[in-house]
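Enquirer: Structure, please.
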Amino acid sequence: MKKLILTLCFICLLTLPLASCSIEKVKAQDGVKPEYTVMKEEDFPDKVKELIEENKESEFQLTYQDGSYLYLLKGYGKQETGGYSIQIEDLSLWDNAIHLQTTLIGPEEDKDLKDEPSYPYLVVKMKYREEPVIFE
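Expert: Below is the predicted model of the structure:
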C-alpha cells in the first residue's frame, strides 16, 4: 500500500507542471489598426537607446513599456554595408495579441555604398496595451 501511495504521489508531481501550461490560439482581427509612430533616433527614450546598443549585433525583437507607451523594437543585426531600410508590412491588433510584420529592404544596386557595416532597426511607439506582441 505504501508503494502505491508513493507511486501516485510521484506521478502527481511529474504531471503537476503540465497542468499550468496551455496553448492559446491567436486569431487576426480584420481591419483593427492601432495608431502608432515610427520614431526618429533623436526621440528615443534613453532605455530604448540602451536596449538597441546592447542587442544591435544580431537580429532582435523587443518590447519596452514606459509610462503609458509601448515601444516595439525590431532589429536585423549587422549588415555588411549601409543603404538598408525596414518596411512595416502589418501592424494590427489580433484577438489576443499585437502583430508586427516587417521586411528588411536591401540597398539599391546602383548606389555607391560605404564598406562600413550598418545595423538596421526600427522603433514603433504606440499606446500601451497588455497583449503580447508577435513579431514576424
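
Enquirer: what sits up against whatever helix or strand Gln87 lives in?
Expert: Gln87 belongs to strand 85-93 when assigned by DSSP states H and E. Residues from elsewhere that reach strand 85-93 (CB atoms under 8 Å, 6 or more residues apart in numbering): 28-29, 31-34, 36, 38, 72, 74, 76, 98-105, 120-122, 124, 126, 129, 131, 136. Bear in mind the C-beta positions are built from the backbone N, C-alpha and C, glycine included.

Enquirer: Next: stretch 37-49.
Expert: Contacts of stretch 37-49 with the rest of the structure, by CB under 8 Å, 6+ apart, involve 52, 64, 66, 71, 73, 88, 122-126.

Enquirer: Let's have the residues you listed in JSON lines, adding neighbour count.
Expert: What follows is these, written out as JSON lines (neighbours: other CB atoms under 10 Å):
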{"residue": "Ile52", "neighbour count": "18"}
{"residue": "Tyr64", "neighbour count": "17"}
{"residue": "Asp66", "neighbour count": "13"}
{"residue": "Tyr71", "neighbour count": "20"}
{"residue": "Leu73", "neighbour count": "21"}
{"residue": "Ile88", "neighbour count": "15"}
{"residue": "Leu122", "neighbour count": "18"}
{"residue": "Val123", "neighbour count": "23"}
{"residue": "Val124", "neighbour count": "21"}
{"residue": "Lys125", "neighbour count": "19"}
{"residue": "Met126", "neighbour count": "17"}
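
Enquirer: Which two of those residues have the greatest separation?
Expert: With distances taken as CB to CB, the most widely separated pair in the contacts of stretch 37-49 is Asp66 and Ile88, at 20.6 Å.

Enquirer: for the next helix or strand after the strand holding Gln87, what is the average pLDDT?
Expert: Sequence order places strand 98-105 as the next helix or strand after strand 85-93, per DSSP H and E. Averaged across strand 98-105, pLDDT comes to 97.
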